[in-house]
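Participant: coords please:
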Amino acid sequence: MINYTIYENKNTDQWVTFVHGAGGSSSIWFKQIRDFKKQYNVLLLDLRGHGESKPTLKTAFKQKYTFSALANDILEVLDFVKIKKSHFVGISLGTILIRQLAEMYPERVQSMILGGAILKMNFRSQVLMRLGNMFKYVLPYLVLYKFFAFVIMPKKSHKQSRLLFINEAKKLYQKEFIKWFKLTAEINPVLKWFRQVELNIPTLYVMGEEDYMFLPSVRKVVENHYKSSELFVIEKCGHVVNVEQPNAFNDAVLSFISTAK
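Facilitator: Predicted coordinates:
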């Protein structure tokens, strides 16, 4: 089972589960834990091969990761901890896993908060993926990862987010990075489906106004999914909203969750 950490709150039966992105770990939520554990039970997850979730023999021999397999990793923890339903907060690639989980097990997802959400790969990100695929066996993955971090988070003000993700990525094994990178092969059809299908689950997108790669497509989807979805844009903020503007992020998310109980 993947590694998890729990902060229990005896005053509530509500849970908030945090799902990090590729190359990160549950430590990226350090600016959220204090505020959230005051009001909710908190579950932090380390995705496969990230943080304390070291590759097991079972996963080491699996050639391919899929979004549904990774979503099932999350479900396994929910079942083990006996969490029937939770609010989910994700960042970047973690938002795809939350949406995948909601697709498969909607009854377990009380609300979705998708920070730096990825709903469409624009031309620049498609080129990035192609380059990554060409060089993934040749270049050390950290070189690739640093390059991606700079393209996605280019500004001076994004430096803290970049460094945080690069430092976390250093803990990944090369083989693990390649398995996660291969996930991008199935990303387009999955995202196309997510854009087309609106789920009947309260959803808040929290995006930085400088998240130029992913914000435009989120705006369009929120317009179309107006029954269930809201968009909150944080000024002077890039892709990793929870790290760059933690106070604005926490306030918006806690306010949203309180109405989605």
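Participant: after the one helix or strand in the chain whose mean pLDDT sits lowest, which helix or strand is next?
Facilitator: Ranked by mean pLDDT, DSSP states H and E, the weakest helix or strand in the chain is helix 57-60, scoring a mean of 60. Going down the chain from helix 57-60, the next helix or strand is helix 67-81, by DSSP states H and E.
Participant: mean confidence for that following helix?
Facilitator: Helix 67-81 carries an average pLDDT of 96.
Participant: show me what counts as buried in it.
Facilitator: Buried residues in helix 67-81, counted by 16 or more other C-beta atoms under 10 Å: Phe67, Leu70, Ala71, Asp73, Ile74, Val77, Leu78. Backbone N, C-alpha and C define where each C-beta goes, glycine included.
Participant: quick one: end-to-end length of stretch 240-248, please.
Facilitator: For stretch 240-248, the first-to-last residue distance is 12 Å (C-alpha to C-alpha, to the nearest Å).
Participant: quick one: contacts of it?
Facilitator: If you take C-beta atoms under 8 Å, 6 or more residues apart in numbering as the criterion, stretch 240-248 is touched by 28-29, 31-32, 89, 91-92, 115-116, 153, 157-158, 160-161, 164-165, 206-208, 211, 234, 236-238, 249-250.
Participant: show me which of the buried residues of helix 67-81 is closest to Ala102.
Facilitator: Ala71 (8.8 Å; C-beta to C-beta).
Participant: and the gap between the closest one and Gly24?
Facilitator: Counting by C-beta to C-beta, to the nearest Å, the gap from Ala71 to Gly24 is 17 Å.
Participant: can you pull out the strands in the stretch 151-261 of the chain?
Facilitator: 203-208, 229-234 (DSSP state E, counting those that start in this stretch).
Participant: out of the ones you listed, nearest to Leu139?
Facilitator: So among these, strand 203-208 is nearest, using C-beta to C-beta, at 28.1 Å.
Participant: note down every partner strand of that closest one and its orientation.
Facilitator: Applying DSSP bridges, strand 203-208 is found paired with strand 109-115 (parallel), strand 229-234 (parallel).
Participant: tell me which of these is the most buried.
Facilitator: Among the strands paired with strand 203-208, strand 109-115 has the highest mean neighbour count (mean count of other C-beta atoms under 10 Å), at a mean of 24.
Participant: what sits up against it?
Facilitator: Contacts to strand 109-115, defined as C-beta under 8 Å, 6+ apart, come from residues 14, 85-92, 95, 98-99, 101-102, 201-207, 240-242, 249, 253, 256-257, 260-261.
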